[in-house]
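A.B. asks: Prediction below, plus the sequence it came from.
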Amino acid sequence: MGREAGMEGYRNVLAQRHPPGDLAIWIFILAELTVFAAFFGAYAFTRMGNVELFDTYQKTLDKRAGLVNTLALITSSYFVVRAVAAIREDSRRGCVRWLMAALGMGLLFLLVKGSEYAHHLGEGIRLSTNTFYMFYLSLTFFHFMHVILGMIILAAVAVKAHRGGYSASDHTGIETGASYWHMVDLVWLILFPLVYVMR
Amino acid sequence: MKAQRSWLRPCTLVYLAMIGLTLVTFSVGAAGLSGLGVSLTVLASISTVLGSANTRTGCL
C-alpha cells in the first residue's frame, strides 16, 4: 500500500517534469525552431556583409504594424494560457471563450500582415527586388503560414472543447495546441526586433 | 469554502512584462538607436522574461 502510494507520487513527479502537451509536438517544435534558427542565422550573416542596404530598406518597413502584430501575438498567447487555466479548473465554456479570443488576435495579426504585403506588392516589391526584401518577405511569409497553421490547430481544439472533449483531468490536446501557438509567438518575438528594429 | 484567489495571476504579470518589453523594443527602433549593445539588451530581456515565466509560473 505504502509502496503503491509512493509509486503514484513518483509518477506524479515524472508527469510534472514532462513538458505540457503531447511529446510529439515538442519534437515538431524543436524541428521548427531549428529551421527558423537557420533562417535567422542566414539573415544575420548576410546583413553583416550588406549593412547599408539592410538599414536603408529596413526604414521602409512599417514599425507600427510590427508593433501591433507583436502585441496581437503576445495577447493571443496570454489568452491561450488562460484557456489552459480554464480547462484545468474544469471550465469548458471559459476555455472555449479564451480560445476564441486568441483566434481573434491571430486574425488581427493576419489582417495587419496581409495589409503590409498588399502595400509592398502594390509598390512592386518582390523577392527578387533586393537581398533585404528577399529575407524579409520569405522569413515573414514563412512565419505567416505558421500563424495560419496555429490558428487551424487552435480552432480544432476549440471545437473539441466545445463538444466536451476535454476536462480538468484530460486536456493534453489543449496543452499541445497551446505549446505550438507559443512557439509561433516566440518566433515572432525574435523576428520583430531582428527584422524591424535592429540596426 | 472557496479559496481566495488573486485576480492578478502570475501569467498576467508575465503578460504585462512582455507588453512593456515590446514597447521598449519599439521605442528603440522608433528612436533610431543602434548598436549591438542595445539589440542584445532587448533580446536578452525578452529571453529572461520568457525563461522566468516558464520556470516560475509554468505559464508558457
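C.D. replies: Perfect, I can see it now. Numbering: from 1, shown residues only, chains lettered A, B, ... in the order given.

A.B. asks: for the chain, where's the lowest mean pLDDT among helices and strands?
C.D. replies: Answering for chain A, as no chain was given. helix A:2-17 (a mean of 55; mean pLDDT, DSSP states H and E).

A.B. asks: Chain B, not that one
C.D. replies: Going by mean pLDDT, DSSP H and E, chain B bottoms out at helix B:36-56, a mean of 68.

A.B. asks: Any residue of stretch A:30-41 touching chain B?
C.D. replies: No: remark: stretch A:30-41 sits outside contact range of chain B, by CB under 8 Å from any CB of the partner chain, the gap being at least 10.9 Å. C-beta here means a position set from N, CA and C on the backbone, and glycine is covered the same way.

A.B. asks: Just the CA atoms of that stretch, as PDB, please.
C.D. replies: C-alpha atoms of stretch A:30-41 as PDB (Å, rounded to 0.1, in the frame of the first residue of the first chain):
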ATOM      1  CA  LEU A  30      12.300  21.600 -32.000                       C
ATOM      2  CA  ALA A  31      12.400  20.900 -35.700                       C
ATOM      3  CA  GLU A  32      10.600  24.100 -36.500                       C
ATOM      4  CA  LEU A  33      12.800  26.200 -34.200                       C
ATOM      5  CA  THR A  34      15.900  24.700 -35.900                       C
ATOM      6  CA  VAL A  35      14.600  25.800 -39.300                       C
ATOM      7  CA  PHE A  36      13.800  29.300 -38.000                       C
ATOM      8  CA  ALA A  37      17.200  29.500 -36.300                       C
ATOM      9  CA  ALA A  38      18.900  28.700 -39.600                       C
ATOM     10  CA  PHE A  39      16.900  31.400 -41.300                       C
ATOM     11  CA  PHE A  40      17.800  34.000 -38.600                       C
ATOM     12  CA  GLY A  41      21.400  33.000 -38.800                       C
END
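
A.B. asks: Just the pLDDT for A:Gly177.
C.D. replies: A:Gly177 carries a pLDDT value of 96.

A.B. asks: quick one: it from A:Ile153, how far?
C.D. replies: To A:Ile153, A:Gly177 is 5 Å away according to CB to CB, to the nearest Å.

A.B. asks: More neighbours: those two, which one.
C.D. replies: Counted by other CB atoms under 10 Å in any protein chain shown, A:Gly177 and A:Ile153 do not tie: A:Gly177 has more neighbours, with 28 against 19.

A.B. asks: I figured the more buried one was touching A:Val159, is that so?
C.D. replies: No: between A:Gly177 and A:Val159 there is no contact under CB atoms under 8 Å: 11.2 Å.

A.B. asks: okay, how far is it across stretch A:123-132, tip to tip?
C.D. replies: End-to-end distance of stretch A:123-132 (CA to CA, to the nearest Å): 15 Å.

A.B. asks: Distance from the chain centre to that stretch, please.
C.D. replies: The chain centre lies 26 Å from the centre of stretch A:123-132; the measure is CA atoms, centre = their mean, to the nearest Å.

A.B. asks: And the contacts of that stretch?
C.D. replies: With CB atoms under 8 Å, 6 or more residues apart in numbering or on different chains as the test, stretch A:123-132 has contacts from A:Thr46, A:Asn50, A:Leu53, A:Phe54, A:Thr56, A:Tyr57, A:Gln58, A:Tyr133, A:Met134, A:Leu137, A:Ser138.
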